[in-house]
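**Student:** structure of the sequence below:
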Amino acid sequence: MIFKIPQVLSPEELEFFTTTLADAEFTDGKLTAGWYAQEVKRNQQLKSDTPVSQDLRERVRTRLEQNPLFQAAVRPRMIHSILFSRYDMGMAYDRHTDNALMGSAFWRSDVSFTLFLSDPSHYGGGELVIEGAD
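**Tutor:** As a prediction, the model looks like this:
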């Protein structure tokens, strides 16, 4: 099932995220990719072992835990592996399948989500394409 949840973050929270991320340290996105995805992943991700990263992940986790639609539709036992990605000109994450097991503890990843922090009207490209069996 694919669905959209509008306004997970308030405008003030979005401003905080974008301002914080503008000065944050990013690394090669391939570091968090599975063996196949490493071949098609060309982006950057927020360095995960910093206080900034931990704070932003916790803020997203809290907002998702407070969101009634997310809770009703997903019914998560836990939310893990929240990553912050960015794409500059020429970067992309081509066709891939998310890993069924993620993280150092190999947690099942039954649900994937993308939380857009930028309005698509403010940039070109970057379309999210989800392919199904049909």
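**Student:** show me what the helix or strand that contains residue 62 is packed up against.
**Tutor:** Secondary-structure element containing residue 62, defined by DSSP states H and E: helix 51-66. Other helices and strands packing on helix 51-66, by 3 or more Cβ pairs under 8 Å, 6 or more residues apart in numbering; DSSP states H and E, are helix 11-22, strand 44-46, helix 68-74. Backbone N, C-alpha and C define where each C-beta goes, glycine included.
**Student:** residue 55: which of the ones you listed is closest?
**Tutor:** Closest approach to residue 55 among these (Cβ to Cβ): helix 11-22, 8.1 Å.
**Student:** still on that earlier bit, winner for burial among the helices and strands packed on helix 51-66?
**Tutor:** strand 44-46 (a mean of 19; mean count of other Cβ atoms under 10 Å).
**Student:** gap between that one and the chain center?
**Tutor:** 10 Å (Cα atoms, centre = their mean, to the nearest Å).
**Student:** then stretch 3-20?
**Tutor:** The chain centre lies 13 Å from the centre of stretch 3-20; the measure is Cα atoms, centre = their mean.
**Student:** the residue lying closest to residue 26 once chain neighbours are set aside: what's it in contact with?
**Tutor:** Nearest residue to residue 26, sequence neighbours excluded (Cβ to Cβ, 6 or more residues apart in numbering): residue 44, at 4.0 Å. By Cβ atoms under 8 Å, 6 or more residues apart in numbering, residue 44 lies in contact with 26, 27, 28, 29, 85, 86, 87, 88, 91.
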